[in-house]
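**Student:** Need coordinates for the below:
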Amino acid sequence: MTTTAVKPEEYDVQEAIDKIVAEYGAKPSALIMILQDIQKHYRYLPESAMHAVSKSMKLPIAQIYGVATFYRSFSLKPKGKNHVCVCTGTACHVRQATVIVDKLRRDLKIEPGETTPDGEISLETVNCLGACALGPLVTANDIYYGNMTVSKTEQMLNDIRAGKLSAKKDEVAG
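**Tutor:** Predicted coordinates for the structure are as follows:
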């Protein structure tokens with residue numbers, strides 16, 4: 001499965017969804033994995049794809065929407081090519097996570113939950129990333145940046161814009 005954004009109207013969505021559903025089986029317990037694959041492919045859950053899942057799995061569309069809207073990891077809006085996520089949990093908050101969020105808001109000119117107009121970067125905040133000792137913690141394309149500072153934030157954004165982040169994918173930035 002690729003992570004390239006593909007518009008649902010560019011190919012037969014039902015055929016693509018049928019292949020994903022066949023991979024996991026049409027059992028309701030596979031719904032989350034199926035939605036994860038769809039989101040990985042499109043970088044969000046298009047309405048047409050959810051209807052195709054409903055048809056393919058013979059599940060009510062309300063059940064598909066219920067799962068898609070219950071879990072915060074799913075998005076019904078297109079995300080950017082790069083995903084920046086700031087932990088604002090208690091440990092990160094007391095270590096100035098709000099300063100990092102403000103820096104990203106100013107530099108990207110977007111609010112948390114939004115994507116830059118060019119579709120390059122999405123900004124999100126979460127309540128906990130589960131690595132409180134590293135706070136304030138930011139992830140960019142699943143790379144963890146611990147003990148984040150304003151200057152480290154600027155370097156991270158420069159790396160994203162230069163396309164260097166995928167090369168660092170196996171590293172833990174510090």
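
**Student:** got a list of what the residue lying closest to Ser54 once chain neighbours are set aside touches?
**Tutor:** Counting by CB to CB, 6 or more residues apart in numbering, the nearest residue to Ser54 once its immediate chain neighbours are dropped is Ile61, at 4.4 Å. All C-beta atoms are positioned from the backbone trio N, CA, C, and that covers glycine. For Ile61, the contact set (CB atoms under 8 Å, 6 or more residues apart in numbering) comprises 50-51, 54.

**Student:** repeat for Leu123
**Tutor:** Leu123 neighbours (CB under 8 Å, 6+ apart): 84-86, 104-105, 108, 110-115.

**Student:** please redo it, this time with the cut-off set to 6 Å
**Tutor:** 84, 104, 108, 110, 112 (CB atoms under 6 Å, 6 or more residues apart in numbering).

**Student:** can you give me the strands for the protein?
**Tutor:** For the chain, strands defined by DSSP state E occupy the ranges 82-87, 121-126, 138-140, 143-145.

**Student:** Which neighbouring elements make contact with the third one?
**Tutor:** It refers to strand 138-140. Secondary-structure packing of strand 138-140 (3 or more CB pairs under 6 Å, 6 or more residues apart in numbering; DSSP states H and E): strand 82-87.

**Student:** what mean pLDDT does the strand it packs on have?
**Tutor:** For strand 82-87, mean pLDDT rounds to 95.

**Student:** count of neighbours near Gln39?
**Tutor:** Here the number of neighbours of Gln39 (other CB atoms under 10 Å) works out to 20.

**Student:** Does it touch Leu45 like I think?
**Tutor:** Yes: assessed by CB atoms under 6 Å, Gln39 is found in contact with Leu45 at 5.4 Å.
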